[in-house]
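In: predicted model and sequence below, questions to follow.
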Amino acid sequence: MGTGEHFRVDRTMKSSITSKDRTLVEAARPAAEEPASTGQALRERLKEITCLYEIRRGMSLELPVDNICRQIFEQLIPAMQFPQIATAMIELDGSRFTSENHGQGLTHELQSTINVNDKPRGQLRVFYPEDKPFLVPEEQRLIDAVASDLGRWLERKQMDEALRERLKEITCLYEIRRGIGPELPLEGVCQQIFEHLIPAMQFPEIATALIELDGRRFTSENHGQGLTHELQSTITVNNTPCGQLRVFYPEDKPFLIPEEQRLIDAVASDLEGWLERKQMDEALRERLKEITCLYEIRRGLGLELSMDSACQQIFEHLIPAMQFPEIATALIELDGRRFTSENHGQGLTHELQSTITVNNKLCGQLRVFYPEDKPFLIPEEQRLIDAVANDLERWLERKRLEQTLVSIAEEHQRSIGQELHDNLGQQIAAIGYQARALEKTIFASGCVDAATVAASIASQAQTAVMQCKQLAQGLLPFELETNGLMAALQAFASRISATYKITCNFVRKNDVFVDDNNIALNLYRIAQEAVNNAIRHGGAQHLTISLASEEDMLCLSICDDGRGFAGVDPKRGTTTGMGIKIMQYRARQLGAILEFLPRAEGTEVRLKMRMG
């Protein structure tokens, strides 16, 4: 209430009293006393206005209630009619605040109720000794005005504190949401929550918190026993309860309900959202590891790999895709053979496994091991192991199919060569012998022309026999089985020179002995196919076949001066031709490296393999 406003009220009241009681005043007071009485009233009104002005000016929202009460006493007592003996008391929500020198026996009083948001919260009481009268209604009006100011201050204080609490809530939730990224571990997220939740509580200096999740406990600093007074909120992830957030106060400190419960529920909800996103993120990461693992395995499982290399390729990508790659090991069992990853040892009895079936026949299994105290991520890791085992099955089926096709081709070559040598060649030779006999008979009868025809038939039959023999030797290398690889390659070079009327030389830099007939046959067939391709597709006129060994490394080289191999990518070694694919397969069977190298004139086919 402003100063002018108080004056207007006073003038109104004075006017009202004068009009109603003018006769009584004139009768009761001598005319000489009127100026003194008016001056006294003005002084009392000035004290009242000054009191209210100073109280209102000093009522800052930053001050605590006890300071405000002392400020009221400091201004209200001097404004009373008898300030030297007056005392005051403010009662608020069970608390009592008194002015100086307040004691017993002061039973004569004026009081005013303090209302906050239309609800009584306490009262303001002013005391005089019983022999001193109050100046009624002036002092009652002042006390009512002060009580009203205190009520409004308390309302603003409540609103300010509510806004501050709401700001603490908002700041807490903002900082928590900003800080809990999916890259953080669960422990880091819980500490982040404690860091911002505790300061947002009503009593942060004594509050502690606990998060329980799936049997694990995360606590704030200074969390200990005896804090049995608490608020809590359930943490539910994907509609399944998995833990709770609990905040503790000592039993003598009340919680600010519902505000603090609402904040704890909001934080628990944020943690739920983070856990769901974390689960989804981890599931996506696991799925990405699965996809990457399968992609790399499928990309690397070429038919050129040996069984051992294929298994190591699988271990190289399967182990990092597991939940605990640093301690996981793997084992592949195939047809009685065992292939293991690095650091595989005893005592790893906790495992997942998947059977390996080739052409509907069980031939082994893929097994992945963890120490017993580490759980598998089922069904995700089982699904991955099954997929890898399935890829290995398909690779083995293709590998065996390739081996079967080459074996069939080899068998057909042997069969045709045997047929040419034993049947067709013998029949043509018989025709030649009969033609020679017929020639002699006809010549003896004097029919020279007919004898000449018979002689021609005999010559052509002899040539056909020689060609059948050469074909049979190419299809069925008798020299290889009889005298070994070097003699067979020498005979092959001579036969090529004689058959195609070109230069084909065999060069041996040192003596090379290959005891294994299967290895010798594959080397011979590779040389044979390389020479035939150079002649038929490259138009080569000069060829050199060389065989050498140095420091347990065997090298077979076929150089030509032709136009190169049609359909061959020298860098990648890929081709569309079946003959070269079979050459590559034979090299893989030997564990050798087969290269097609362009030269200034022609091409070199080079094979290198380790002996021993």
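Out: That came in fine, so what should we check first?
In: can you tell me the helix or strand for the nearest residue to Arg508 once chain neighbours are set aside?
Out: Distances taken as Cβ to Cβ, 6 or more residues apart in numbering put Leu547 closest to Arg508, at 5.3 Å, once the chain neighbours are dropped. Every residue, glycine included, has its C-beta placed from N, CA and C. Element membership of Leu547 [criterion: DSSP states H and E] is strand 542-550.
In: distance between that strand and the chain's centre?
Out: 55 Å (Cα atoms, centre = their mean, to the nearest Å).
In: what of stretch 526-538?
Out: Using Cα atoms, centre = their mean, the offset of stretch 526-538 from its chain centre is 53 Å.
In: ditto for stretch 233-244
Out: The chain centre lies 23 Å from the centre of stretch 233-244; the measure is Cα atoms, centre = their mean.
In: which parts of that stretch are buried?
Out: Ser233, Ile235, Thr236, Val237, Gly243, Gln244 (16 or more other Cβ atoms under 10 Å).
In: then stretch 596-612?
Out: Across stretch 596-612, burial judged by 16+ other Cβ under 10 Å covers Phe596, Gly602, Thr603, Glu604, Val605, Arg606, Leu607, Met609.
In: pick out the most distant pair among those.
Out: Gly602 and Met609 (23.3 Å; Cβ to Cβ).
In: most centrally placed residue in this protein?
Out: Arg285 (3.2 Å; Cα atoms, centre = their mean).
In: list the helices and strands the one helix or strand Leu42 maps to packs on?
Out: If you go by DSSP H and E, Leu42 is part of helix 34-58. In terms of contacts (3 or more Cβ pairs under 8 Å, 6 or more residues apart in numbering; DSSP states H and E), helix 34-58 is packed against helix 3-28, helix 65-76, helix 138-179.
In: hmm, back to that, what's the mean pLDDT across the strand holding Leu547?
Out: Averaged across strand 542-550, pLDDT comes to 92.
In: in strands only, show me the buried residues of stretch 596-612.
Out: Cross-referencing those against strands under DSSP state E gives Phe596, Thr603, Glu604, Val605, Arg606, Leu607, Met609.
In: hmm, Ala587 and the first one touching each other?
Out: The reference is to Phe596. No - using Cβ atoms under 8 Å, Phe596 makes no contact with Ala587, being 11.3 Å away.
In: the buried residues of stretch 596-612 into TSV, with extra columns for pLDDT and distance to Phe369?
Out: Converted to TSV, those look like this (pLDDT from 0 to 100; distance: Cβ to Cβ, whole Å):
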residue	pLDDT	distance to Phe369
Phe596	91	43
Gly602	88	54
Thr603	91	49
Glu604	92	47
Val605	94	45
Arg606	93	42
Leu607	93	39
Met609	90	35
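In: nearest to Phe218, out of those: which one, please.
Out: Met609 (60.8 Å).
In: now do the same contact list for the closest residue to that closest one other than its chain neighbours.
Out: In space, not counting the residues next to it along the chain, Met609 is nearest to Ala592; the distance is 3.4 Å by Cβ to Cβ, 6+ apart. Ala592 is in contact with Leu607, Lys608, Met609, counting by Cβ atoms under 8 Å, 6 or more residues apart in numbering.
In: so which of these comes closest to Lys399?
Out: Of the contacts of Ala592, the one sitting nearest to Lys399 (Cβ to Cβ) turns out to be Met609, at 18.8 Å.
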